[in-house]
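[1] Next come a sequence and a model predicted from it.
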Number of protein chains: 2
Amino acid sequence: MMNRPETTPQDEPLSKKRLRLWLKLLKASNLIEDEVRRRLRHRCTSTLPRFDVMSVLDRAPQGMKMNEISKLLRVSSGNITGIVDKLTEEGLALRVAVPGDRRANLVRLTAKGQAAFAEQAASHETWIDEILGGLSADDIDGMIRRLDHLTNSLEEQ
Amino acid sequence: MMNRPETTPQDEPLSKKRLRLWLKLLKASNLIEDEVRRRLRHRCTSTLPRFDVMSVLDRAPQGMKMNEISKLLRVSSGNITGIVDKLTEEGLALRVAVPGDRRANLVRLTAKGQAAFAEQAASHETWIDEILGGLSADDIDGMIRRLDHLTNSLEEQ
(Lines give C-alpha, C1' and ligand atoms only; values in the text may rest on other atoms or scores of the structure.)
Protein backbone atom coordinates (compact mmCIF):
# COMPACT_ATOMS: atom_id res chain seq x y z
CA MET A 1 0.00 0.00 0.00
CA MET A 2 1.36 3.40 -0.95
CA ASN A 3 1.71 6.09 1.65
CA ARG A 4 -0.13 9.26 0.81
CA PRO A 5 2.64 11.81 0.25
CA GLU A 6 2.70 14.49 2.94
CA THR A 7 2.07 18.03 1.81
CA THR A 8 5.36 19.84 2.12
CA PRO A 9 5.50 23.61 2.54
CA GLN A 10 6.70 23.73 -1.08
CA ASP A 11 3.49 22.19 -2.46
CA GLU A 12 1.33 24.25 -0.17
CA PRO A 13 -0.84 26.89 -1.86
CA LEU A 14 0.20 30.45 -1.04
CA SER A 15 -3.11 31.15 0.75
CA LYS A 16 -2.44 28.29 3.20
CA LYS A 17 1.11 29.51 3.71
CA ARG A 18 -0.17 33.00 4.53
CA LEU A 19 -2.73 31.57 6.97
CA ARG A 20 0.00 29.51 8.62
CA LEU A 21 2.18 32.62 8.92
CA TRP A 22 -0.66 34.60 10.51
CA LEU A 23 -1.32 31.89 13.11
CA LYS A 24 2.39 31.74 13.94
CA LEU A 25 2.65 35.53 14.14
CA LEU A 26 -0.30 35.61 16.53
CA LYS A 27 1.11 32.78 18.63
CA ALA A 28 4.56 34.39 18.93
CA SER A 29 3.16 37.78 19.81
CA ASN A 30 0.84 36.26 22.46
CA LEU A 31 3.72 34.27 23.96
CA ILE A 32 5.94 37.35 24.18
CA GLU A 33 3.13 39.48 25.61
CA ASP A 34 2.34 36.82 28.24
CA GLU A 35 5.97 36.69 29.29
CA VAL A 36 6.14 40.50 29.56
CA ARG A 37 2.92 40.52 31.65
CA ARG A 38 4.36 37.84 33.92
CA ARG A 39 7.59 39.74 34.49
CA LEU A 40 5.82 43.08 35.04
CA ARG A 41 3.61 41.42 37.65
CA HIS A 42 6.36 39.55 39.49
CA ARG A 43 9.28 41.92 39.17
CA CYS A 44 7.65 45.37 39.09
CA THR A 45 4.27 44.68 40.79
CA SER A 46 2.79 46.31 37.71
CA THR A 47 0.56 45.34 34.80
CA LEU A 48 0.81 45.76 31.04
CA PRO A 49 -2.03 48.35 30.82
CA ARG A 50 -0.39 50.35 33.62
CA PHE A 51 3.02 50.14 31.93
CA ASP A 52 1.40 51.26 28.65
CA VAL A 53 -0.30 54.25 30.32
CA MET A 54 2.98 55.32 31.92
CA SER A 55 4.76 54.89 28.61
CA VAL A 56 2.25 57.13 26.82
CA LEU A 57 2.47 59.78 29.58
CA ASP A 58 6.26 59.61 29.54
CA ARG A 59 6.22 60.67 25.89
CA ALA A 60 3.81 63.58 26.65
CA PRO A 61 5.56 65.70 29.29
CA GLN A 62 3.01 68.50 28.71
CA GLY A 63 0.24 66.11 29.78
CA MET A 64 -2.60 64.26 28.08
CA LYS A 65 -6.37 64.15 28.36
CA MET A 66 -7.91 60.91 29.59
CA ASN A 67 -9.80 60.34 26.34
CA GLU A 68 -6.58 60.81 24.36
CA ILE A 69 -4.85 58.11 26.43
CA SER A 70 -7.88 55.88 26.01
CA LYS A 71 -7.98 56.35 22.23
CA LEU A 72 -4.24 55.87 21.78
CA LEU A 73 -4.17 52.64 23.79
CA ARG A 74 -7.58 51.44 22.63
CA VAL A 75 -8.55 50.76 26.25
CA SER A 76 -11.89 51.88 27.73
CA SER A 77 -11.97 55.23 29.59
CA GLY A 78 -13.13 53.41 32.70
CA ASN A 79 -9.98 51.30 32.77
CA ILE A 80 -7.76 54.30 32.09
CA THR A 81 -9.44 56.23 34.92
CA GLY A 82 -8.78 53.34 37.30
CA ILE A 83 -5.11 53.20 36.34
CA VAL A 84 -4.63 56.98 36.53
CA ASP A 85 -6.38 57.11 39.94
CA LYS A 86 -3.96 54.47 41.22
CA LEU A 87 -0.89 56.25 39.76
CA THR A 88 -2.09 59.53 41.32
CA GLU A 89 -2.59 57.93 44.75
CA GLU A 90 0.96 56.59 44.55
CA GLY A 91 2.35 60.01 43.64
CA LEU A 92 3.45 58.80 40.18
CA ALA A 93 1.02 60.95 38.17
CA LEU A 94 -1.03 64.07 38.73
CA ARG A 95 -4.04 65.77 37.19
CA VAL A 96 -3.72 69.38 36.06
CA ALA A 97 -6.69 71.59 35.16
CA VAL A 98 -6.89 72.70 31.52
CA PRO A 99 -7.10 76.51 31.39
CA GLY A 100 -10.42 77.51 29.83
CA ASP A 101 -11.98 74.04 30.04
CA ARG A 102 -13.37 73.35 33.49
CA ARG A 103 -14.40 69.80 32.66
CA ALA A 104 -11.09 68.56 31.25
CA ASN A 105 -7.96 67.54 33.10
CA LEU A 106 -4.52 66.82 31.78
CA VAL A 107 -2.67 63.89 33.29
CA ARG A 108 1.08 63.86 33.51
CA LEU A 109 3.80 61.91 35.28
CA THR A 110 5.45 63.40 38.36
CA ALA A 111 9.25 63.33 38.66
CA LYS A 112 8.81 60.23 40.81
CA GLY A 113 6.62 58.71 38.08
CA GLN A 114 9.20 59.49 35.40
CA ALA A 115 11.94 57.86 37.46
CA ALA A 116 9.79 54.78 38.12
CA PHE A 117 8.93 54.46 34.45
CA ALA A 118 12.57 54.90 33.37
CA GLU A 119 13.48 51.96 35.58
CA GLN A 120 10.64 49.79 34.25
CA ALA A 121 11.38 50.71 30.66
CA ALA A 122 15.02 49.69 31.12
CA SER A 123 13.90 46.35 32.60
CA HIS A 124 11.42 45.92 29.75
CA GLU A 125 14.19 46.43 27.18
CA THR A 126 16.38 43.87 28.96
CA TRP A 127 13.52 41.33 29.06
CA ILE A 128 12.77 41.73 25.37
CA ASP A 129 16.48 41.30 24.69
CA GLU A 130 16.38 38.03 26.66
CA ILE A 131 13.05 36.84 25.23
CA LEU A 132 14.14 37.48 21.63
CA GLY A 133 17.70 36.37 22.42
CA GLY A 134 17.42 33.48 19.97
CA LEU A 135 17.31 35.88 17.01
CA SER A 136 20.52 37.17 15.44
CA ALA A 137 20.96 40.67 13.99
CA ASP A 138 20.35 39.19 10.52
CA ASP A 139 17.17 37.44 11.65
CA ILE A 140 15.92 40.68 13.16
CA ASP A 141 16.72 42.76 10.08
CA GLY A 142 15.00 40.16 7.90
CA MET A 143 11.87 40.20 10.02
CA ILE A 144 11.75 43.98 10.42
CA ARG A 145 12.03 44.41 6.65
CA ARG A 146 9.10 42.03 6.05
CA LEU A 147 6.99 43.45 8.88
CA ASP A 148 7.50 47.01 7.58
CA HIS A 149 6.43 45.85 4.15
CA LEU A 150 3.35 44.17 5.63
CA THR A 151 2.42 47.13 7.84
CA ASN A 152 2.81 49.61 4.98
CA SER A 153 0.61 47.56 2.71
CA LEU A 154 -1.99 47.23 5.50
CA GLU A 155 -2.00 50.95 6.21
CA GLU A 156 -2.50 51.65 2.51
CA GLN A 157 -5.47 49.26 2.25
CA MET B 1 28.62 73.05 12.59
CA MET B 2 28.69 69.32 12.21
CA ASN B 3 25.47 67.38 12.08
CA ARG B 4 25.19 64.71 14.68
CA PRO B 5 25.28 61.50 12.67
CA GLU B 6 21.96 59.68 12.72
CA THR B 7 21.96 56.25 14.31
CA THR B 8 21.55 53.79 11.49
CA PRO B 9 20.13 50.33 12.12
CA GLN B 10 23.71 49.05 11.65
CA ASP B 11 25.04 51.03 14.62
CA GLU B 12 22.08 50.18 16.76
CA PRO B 13 22.76 47.89 19.74
CA LEU B 14 21.16 44.46 19.41
CA SER B 15 18.90 45.07 22.43
CA LYS B 16 17.35 48.15 20.72
CA LYS B 17 16.97 46.19 17.50
CA ARG B 18 15.11 43.44 19.38
CA LEU B 19 12.87 46.01 21.08
CA ARG B 20 12.10 47.58 17.71
CA LEU B 21 11.26 44.17 16.29
CA TRP B 22 8.90 43.43 19.18
CA LEU B 23 7.04 46.73 18.75
CA LYS B 24 6.69 46.08 15.02
CA LEU B 25 5.54 42.51 15.59
CA LEU B 26 2.90 43.75 18.02
CA LYS B 27 1.78 46.50 15.67
CA ALA B 28 1.45 44.16 12.68
CA SER B 29 -0.44 41.55 14.63
CA ASN B 30 -2.83 44.18 16.06
CA LEU B 31 -3.44 45.63 12.58
CA ILE B 32 -4.21 42.20 11.12
CA GLU B 33 -6.44 41.26 14.05
CA ASP B 34 -8.36 44.55 13.76
CA GLU B 35 -8.93 43.96 10.07
CA VAL B 36 -10.16 40.40 10.73
CA ARG B 37 -12.53 41.70 13.46
CA ARG B 38 -13.86 44.33 11.08
CA ARG B 39 -14.53 41.82 8.32
CA LEU B 40 -16.12 39.28 10.68
CA ARG B 41 -18.45 42.00 11.96
CA HIS B 42 -19.42 43.43 8.59
CA ARG B 43 -19.41 40.38 6.38
CA CYS B 44 -20.39 37.54 8.74
CA THR B 45 -22.23 39.45 11.53
CA SER B 46 -19.85 37.64 13.85
CA THR B 47 -17.07 38.50 16.26
CA LEU B 48 -13.55 37.21 16.77
CA PRO B 49 -14.32 35.47 20.12
CA ARG B 50 -17.35 33.80 18.53
CA PHE B 51 -15.28 32.71 15.50
CA ASP B 52 -12.61 31.35 17.86
CA VAL B 53 -15.17 29.36 19.89
CA MET B 54 -16.63 27.86 16.71
CA SER B 55 -13.13 27.05 15.48
CA VAL B 56 -12.28 25.22 18.71
CA LEU B 57 -15.58 23.29 18.64
CA ASP B 58 -15.08 22.43 14.97
CA ARG B 59 -11.86 20.63 15.89
CA ALA B 60 -13.60 18.71 18.72
CA PRO B 61 -16.50 16.84 17.09
CA GLN B 62 -16.94 14.76 20.25
CA GLY B 63 -17.65 17.97 22.19
CA MET B 64 -15.85 20.07 24.78
CA LYS B 65 -16.48 21.24 28.31
CA MET B 66 -17.02 24.96 28.85
CA ASN B 67 -13.96 25.27 31.08
CA GLU B 68 -11.82 23.54 28.43
CA ILE B 69 -12.92 26.08 25.81
CA SER B 70 -12.29 28.88 28.28
CA LYS B 71 -8.79 27.62 29.13
CA LEU B 72 -7.82 27.00 25.51
CA LEU B 73 -8.91 30.47 24.35
CA ARG B 74 -7.88 32.24 27.55
CA VAL B 75 -11.28 33.92 27.70
CA SER B 76 -13.36 34.08 30.90
CA SER B 77 -16.01 31.36 31.43
CA GLY B 78 -18.66 34.07 31.59
CA ASN B 79 -17.84 35.24 28.08
CA ILE B 80 -17.71 31.68 26.74
CA THR B 81 -21.10 30.94 28.32
CA GLY B 82 -22.57 34.02 26.61
CA ILE B 83 -21.21 32.95 23.23
CA VAL B 84 -22.32 29.31 23.61
CA ASP B 85 -25.81 30.41 24.73
CA LYS B 86 -26.11 32.53 21.60
CA LEU B 87 -24.82 29.74 19.32
CA THR B 88 -27.28 27.33 20.95
CA GLU B 89 -30.23 29.70 20.48
CA GLU B 90 -29.31 29.99 16.80
CA GLY B 91 -29.16 26.21 16.40
CA LEU B 92 -25.40 26.29 15.66
CA ALA B 93 -24.29 24.47 18.84
CA LEU B 94 -25.86 22.20 21.41
CA ARG B 95 -25.14 21.06 24.94
CA VAL B 96 -24.95 17.34 25.65
CA ALA B 97 -24.98 15.83 29.15
CA VAL B 98 -21.78 14.03 30.21
CA PRO B 99 -22.65 10.48 31.30
CA GLY B 100 -21.74 10.06 34.98
CA ASP B 101 -21.25 13.79 35.65
CA ARG B 102 -24.53 15.57 36.23
CA ARG B 103 -22.96 18.99 36.55
CA ALA B 104 -20.92 18.98 33.35
CA ASN B 105 -22.09 19.53 29.80
CA LEU B 106 -20.25 18.99 26.57
CA VAL B 107 -20.77 21.59 23.87
CA ARG B 108 -20.56 20.69 20.23
CA LEU B 109 -21.46 22.20 16.87
CA THR B 110 -24.63 21.05 15.12
CA ALA B 111 -24.48 20.16 11.40
CA LYS B 112 -25.79 23.69 10.75
CA GLY B 113 -23.01 25.08 12.97
CA GLN B 114 -20.37 23.07 11.12
CA ALA B 115 -21.62 24.34 7.78
CA ALA B 116 -21.71 27.95 9.03
CA PHE B 117 -18.18 27.65 10.39
CA ALA B 118 -16.85 26.05 7.20
CA GLU B 119 -18.12 29.06 5.28
CA GLN B 120 -16.59 31.55 7.73
CA ALA B 121 -13.29 29.67 7.84
CA ALA B 122 -13.08 29.78 4.03
CA SER B 123 -13.75 33.55 4.10
CA HIS B 124 -11.17 33.97 6.85
CA GLU B 125 -8.54 32.17 4.77
CA THR B 126 -9.34 34.40 1.78
CA TRP B 127 -9.09 37.57 3.92
CA ILE B 128 -5.72 36.55 5.35
CA ASP B 129 -4.56 35.83 1.83
CA GLU B 130 -5.61 39.37 0.84
CA ILE B 131 -4.30 41.04 4.01
CA LEU B 132 -0.88 39.33 3.73
CA GLY B 133 -0.96 39.63 -0.08
CA GLY B 134 2.13 41.87 -0.05
CA LEU B 135 4.33 38.98 1.13
CA SER B 136 5.84 36.59 -1.39
CA ALA B 137 6.38 32.85 -0.79
CA ASP B 138 10.02 33.62 0.07
CA ASP B 139 9.05 36.36 2.53
CA ILE B 140 6.61 33.98 4.20
CA ASP B 141 9.11 31.12 4.43
CA GLY B 142 11.70 33.51 5.87
CA MET B 143 9.30 34.78 8.51
CA ILE B 144 7.91 31.35 9.40
CA ARG B 145 11.44 30.02 9.89
CA ARG B 146 12.31 32.88 12.27
CA LEU B 147 9.00 32.74 14.12
CA ASP B 148 9.36 28.98 14.65
CA HIS B 149 12.84 29.58 16.01
CA LEU B 150 11.52 32.29 18.33
CA THR B 151 8.53 30.25 19.52
CA ASN B 152 10.66 27.18 20.17
CA SER B 153 13.13 29.15 22.22
CA LEU B 154 10.24 30.77 24.16
CA GLU B 155 8.60 27.44 24.87
CA GLU B 156 11.90 26.06 26.16
CA GLN B 157 12.44 29.01 28.52
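    Perfect, thanks for sending it.

[2] Report the secondary structure state of the spatially most central residue of chain A.
    Nearest residue to the geometric centre of chain A (C-alpha atoms, centre = their mean): A:Asp52, 6.6 Å. Put simply, A:Asp52 is helix when judged by DSSP: H, G, I helix; E, B strand; the rest coil.

[3] Spit out the contact partners of it.
    By C-beta atoms under 8 Å, 6 or more residues apart in numbering or on different chains, A:Asp52 lies in contact with A:Leu73, A:Val75. Yep, even glycine has a C-beta here, placed from its N, CA and C like the rest.

[4] mind checking how far it is from A:Lys86?
    With distances taken as C-beta to C-beta, to the nearest Å, A:Asp52 is found 14 Å from A:Lys86.

[5] Over to A:Arg37?
    In this view, A:Arg37 and A:Lys86 are 17 Å apart by C-beta to C-beta.

[6] same thing with A:Leu92?
    From A:Leu92 to A:Lys86 the distance is 9 Å (C-beta to C-beta).

[7] more crowded one of these two?
    Between A:Leu92 and A:Lys86, A:Leu92 has the larger neighbour count (other C-beta atoms under 10 Å in any protein chain shown), namely 21 against 14.

[8] List the contacts of the residue lying closest to the more buried one once chain neighbours are set aside.
    Of all residues not flanking A:Leu92 in the chain, A:Gly113 sits nearest, at 3.5 Å (C-beta to C-beta, 6 or more residues apart in numbering or on different chains). By C-beta under 8 Å, 6+ apart, the residues touching A:Gly113 are A:Met54, A:Leu57, A:Leu87, A:Gly91, A:Leu92, A:Ala93.

[9] which one of the residues you listed is nearest B:Leu132?
    A:Met54 (33.2 Å; C-beta to C-beta).

[10] quick one, strands of chain A?
    Per DSSP state E, chain A carries strands over the ranges A:64-65, A:93-98, A:101-109.

[11] Tell me which of the ones you listed sits most buried.
    Mean neighbour count (mean count of other C-beta atoms under 10 Å in any protein chain shown) peaks for strand A:64-65 among these, with a mean of 18.

[12] who are the neighbours of that strand, in terms of helices and strands?
    In terms of contacts (3 or more C-beta pairs under 8 Å, 6 or more residues apart in numbering or on different chains; DSSP states H and E), strand A:64-65 is packed against strand A:101-109.

[13] Next, format the strands of chain A as a markdown table and append mean pLDDT.
    A markdown table is the format used below for the strands of chain A (pLDDT from 0 to 100):
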| stretch | mean pLDDT |
| --- | --- |
| strand A:64-65 | 94 |
| strand A:93-98 | 91 |
| strand A:101-109 | 87 |
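
[14] pLDDT score for A:Leu48?
    What the model reports for A:Leu48 is a pLDDT of 93.

[15] May I see the buried residues of the lengthiest helix in chain A?
    Longest helix in chain A, counting residues (DSSP state H): helix A:14-44. In terms of neighbour count (16 or more other C-beta atoms under 10 Å in any protein chain shown), helix A:14-44 has its buried residues at A:17-22, A:24-25, A:27-29, A:31-32, A:35-36, A:39-40.
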